[in-house]
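**Student:** Turn this into a model:
(chains A and B)
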Amino acid sequence: MPVLQLKNITKRFGSLTANDSIDLSLARGEVLALLGENGAGKTTLMNILFGHYRADEGSIEIDGTPLLPGSTEAAISAGIGMVHQHFTLADNLTVLENITLGTEPLWSWRQNSKAARQKLTQMSNEFGLVVNPDAEVADLSVGERQRVEILKALYRDARVLILDEPTAVLTPQEAYDLFETLRSLTAKGLAIIFISHKLHEILAISNRVAVLRRGAIVGEVKTGNADKSLLAEMMVGEKVTRPTPRSIKHGKAVLKLENVSTKGAATSSNLQSINLTINAHEIVGIAGVSGNGQAELADLLSGLCQHESGSIELLGENLKSISARDMLSRGVGRIPEDRHKSGVVGDMQIWENLISEDLRSKTTSKFGIILDKSKAKKRAEDLIEKYDIRCKGPLAETKLLSGGNIQKLILARALSPNPSFILANQPVRGLDEGAIAYVQTQLLEARDRGVGILLISEDLDELMALSDKIAVMYHGKLSPIFTNGSKTIAEIGLMMAGQESLPEGTLQTAAVEMGGTHAN
Amino acid sequence: MQIEPRANVSVARAAFAPISAVLATMAICSILIVWAGAPVLEAWASMVKGAVGSRFALTETLTRSIPLMFTGLAIAVAFKSKFYNIGAEGQLYCGALAVTYFGTGMITLPPMLMVPFLMLVGAVAGGLILIVPVLLKTHLKVDEVVTTLLLNFVILLFVSFLIEGPWKDPMAMGWPQAASIIDEGVIPAMLAKGRLHYGFVFAIIAAILVWAFMRFTVWGYEIKAVGLNASAAAFSGISINTTIIRTAMISGGLAGLAGVSEVAGLKGYLTLDLSPGFGYTGIAVAMLAQLHPLAIIPAALFLSGIYVGSDAMSRAVNIPTYIADVIVGMSVLAILVSVMLSKYKIKWGK
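**Tutor:** As a prediction, this is how the structure comes out:
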């Protein structure tokens, strides 16, 4: 009998059907991968399972017993554990406190921490999930925090473990360690739902793959019978080919950073003596686990913060102090990391967002005072057409656009003034395949026109597919820049973890296994 | 119970929000009227009659709406940029102080110039007093709600000091009030009888100007962008600090005009009871208008009618005039709830 069974789950938000009569079952010791693009309904489905949402129709059974809908407590006590994409740990509490949080009776005078500690140690040993129970969560690495999340679920006797995009924040080696852990968990009979859109991970870890598209299950295959192209086609519904870069031309330096350091609030992510040159006609990729200074580098080059020391040279001109308006007027195009938070004002109309970077130019306003709406609207219409922004027109509310179309809007705004340098920070994160291909094509075309591009990404696949050169960021420092292809995924992965040389033995094979599917 | 956003908010539904809010307010306040032992229908009838039932009542309501329009506009502009100026009361008194300083004989200009001049100095004074809170916010991240609110009391005590001391009018038979505005500086009356003055026209012009400013200018665009999404605005090269400082000056200036119109248009001289909380009621006006500059006009008229009408209601059915404050407070809550309900729907059931 399956440990978990979803029957006919349907969930609507207004006119949108997020989940459309979904049937799924999960057996003991099985890893079921849930594959789908962003917005396909994976997270909604798991939120229903975990009791965050109530399904409009359908039911959930655990070991044949119906689960009370809409109650997280019921889900937890029925044995469902969830590891969210964004961890839900209290930074200022210890590992042990985080794990026992919510499991102790509210009206008891003292915590029964001795028994809890014993149980935790036993679990740690059994599954090879080693963490110091007395360490504060704030001091842990991302990989360790994830282990705490898993232990938290196991501590509550989870029988079904849901992992939502668990590798998004991990280095390839950490991901490999996670997979080892998952294998030992399933060997003990735990059932796992593994949510991802990374095909090679799904092929590496799952027994069975269910593919979601537009809220419905469009197919289920045994992982043994699947390969990357099959899964990709099932996920997207059609064959989409991402662009590949062509020949490399050499241009003169567009942007040159020498010994650039920043000093802000945080410590480990401040830039420390960064040296970086970006030439015309090339894409330089910055790899690294998030939080290692990429955001600071992006803020600096967007003109949102100042550097403490060192020199920044843009088109041969030394920049003393930097502002966003300054960078824009010097021909820097920027694509922000979080397109909803800092890319667009969702409550404004499309034409308004398209002019936001040059409000005072002749094309958008009279004397820099009165907005010239008819001119701005006309330009917006042209850009909507040229960049294929799917919308009702320039007067539509920006927040009604899909993520891909918002990104096209930002791309239109950044590319239309013909920049000489583009900062692209996570330009395709969370986009569907069609939009990814579009954005990447646009960036490559800009490169071919002679634009120098800095591409920051946490996705090594993307970096290796697009970049001419790559550098790795770790704890605010940037590695020497190297030509794409001169280092293996395994080597880059180690650099992302702060190790400079490749040790012998397991890690190497681990990295090779992880990297194996990147060869194509 | 679950709250879900509505896919589309129709115009009819958006327009229904303030109407349903008023109806809900009346229903709830009716309970209070019954509780106070008064006949409900008679009470409401006397309120309507007291607000608009006679020529005198109507002109009083219109007169009372003038400072509410100015303070309502002041709040609306500030809140649009998410600068929470709670100090319109103090800025109103600053406007009144400036008018008293310049308008009681220090400078004499022909009336066609004197009134605009007094409006200008009043607006500048109202704006300038906000410099301290706004710089504290932009440079030290001090919460402006606290600073602007507390500044009200500082200013009020300063006014009290002036009109009990150096500015006390010796001709006022010992009353604590400043000297009268010279004739050239008085905003002329609109009608032969009654207190309605041209400040009403100025307030409506101000509402139209603010609307046009917000809608058609680069500065207006920047104020909206900073309020709706400050980090996107900053990313686009809009200076958040400059925009907030500019917004604060405009907001303070509008509140200062309320003080100008009360001193130069209505009372003729500065007293400590110049404003029965117009600065605070302005917040209610702005919320009721959902921060739309043109909607400030009906919102100010409505609340002004409630205040004026509640006096009549209190005399007719013997309920304390505090019912007006309850109605105003309730209508603000009701509008917030009904606007929320027009954008979201509630699904009941476990």
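**Student:** low pLDDT regions in the stretch 251-350 of chain B?
**Tutor:** B:348-350 (pLDDT under 70).
**Student:** Strands of that one, start to end?
**Tutor:** Applying DSSP state E, counting those that start in this stretch to the stretch 251-350 of chain B gives strands spanning B:344-347.
**Student:** Sketch out the helices for it, chain order is fine.
**Tutor:** B:278-288, B:296-317, B:323-343 (DSSP state H, counting those that start in this stretch).
**Student:** Buried deepest among these, which one?
**Tutor:** Mean neighbours per residue, mean count of other CB atoms under 10 Å in any protein chain shown, is largest over the helices of the stretch 251-350 of chain B for helix B:278-288, with a mean of 26. To be clear about C-beta, it is placed using only N, CA and C from the backbone, and glycine gets the same treatment.
**Student:** And the contacts of that helix?
**Tutor:** Residues outside helix B:278-288 that contact it (CB atoms under 8 Å, 6 or more residues apart in numbering or on different chains) are B:18, B:21, B:67-76, B:79, B:86-92, B:152, B:255, B:258, B:262, B:295-296, B:299-300, B:302-303, B:307, B:328-329, B:331-332, B:335-336.
**Student:** Spell out which parts of the stretch 351-500 of chain A neighbour chain B.
**Tutor:** Within reach of chain B by CB under 8 Å from any CB of the partner chain, the stretch 351-500 of chain A has these residues: A:352, A:356-357, A:359-360, A:365, A:368-371, A:373.
**Student:** switch to 6 Å and redo it
**Tutor:** A:356-357, A:359, A:365, A:369-371 (CB under 6 Å from any CB of the partner chain).
**Student:** and which of the residues you listed is nearest chain B?
**Tutor:** For those, the residue nearest chain B by CB to the nearest CB is residue A:356; the value is 3.9 Å.
**Student:** Now do the closest one, the pLDDT please.
**Tutor:** For residue A:356, the pLDDT comes out at 92.
**Student:** what does residue A:404 give?
**Tutor:** 87.
**Student:** now the one 4 residues further on
**Tutor:** On the pLDDT scale, residue A:408 is placed at 94.
**Student:** Quick one: residues contacting it.
**Tutor:** Each residue near residue A:408 by CB atoms under 6 Å, 6 or more residues apart in numbering or on different chains is listed here: A:387, A:389.
**Student:** Now the helix or strand where residue A:232 lies: buried residues?
**Tutor:** If you go by DSSP states H and E, residue A:232 is part of helix A:228-236. By neighbour count on 16 or more other CB atoms under 10 Å in any protein chain shown, the buried set for helix A:228-236 is A:231-232, A:234-236.
**Student:** could I get the helices of the stretch 251-350 of chain B as a markdown table with distance to residue A:114?
**Tutor:** Output for the helices of the stretch 251-350 of chain B, formatted as a markdown table (distance: least, CB to CB, whole Å):
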| stretch | distance to residue A:114 |
| --- | --- |
| helix B:278-288 | 55 |
| helix B:296-317 | 63 |
| helix B:323-343 | 49 |
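**Student:** Measure how buried residue A:13 is and give me the count.
**Tutor:** Residues lying near residue A:13 (other CB atoms under 10 Å in any protein chain shown) number 14.
**Student:** Relative to chain B, how far out is it?
**Tutor:** 6 Å (CB to the nearest CB, to the nearest Å).
**Student:** That residue pairs with what?
**Tutor:** residue A:16 (DSSP bridges).
**Student:** What's the per-residue pLDDT of it here?
**Tutor:** Note on residue A:13: pLDDT of 79.
**Student:** lowest average confidence, helix or strand, in chain B?
**Tutor:** Averaged element by element with mean pLDDT, DSSP states H and E, chain B has its least confident helix or strand at strand B:2-5 (a mean of 70).
**Student:** Alpha carbons of that one, as CSV, please.
**Tutor:** What follows is strand B:2-5 as a C-alpha-only set of coordinates in CSV (Å, rounded to 0.1, in the frame of the first residue of the first chain):
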residue,chain,number,x,y,z
GLN,B,2,-9.0,32.3,3.8
ILE,B,3,-8.3,35.5,2.0
GLU,B,4,-7.7,35.4,-1.8
PRO,B,5,-7.0,38.3,-4.2
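**Student:** Run through who's touching the helix holding residue A:232.
**Tutor:** A:35, A:199, A:211, A:219, A:239, A:433.
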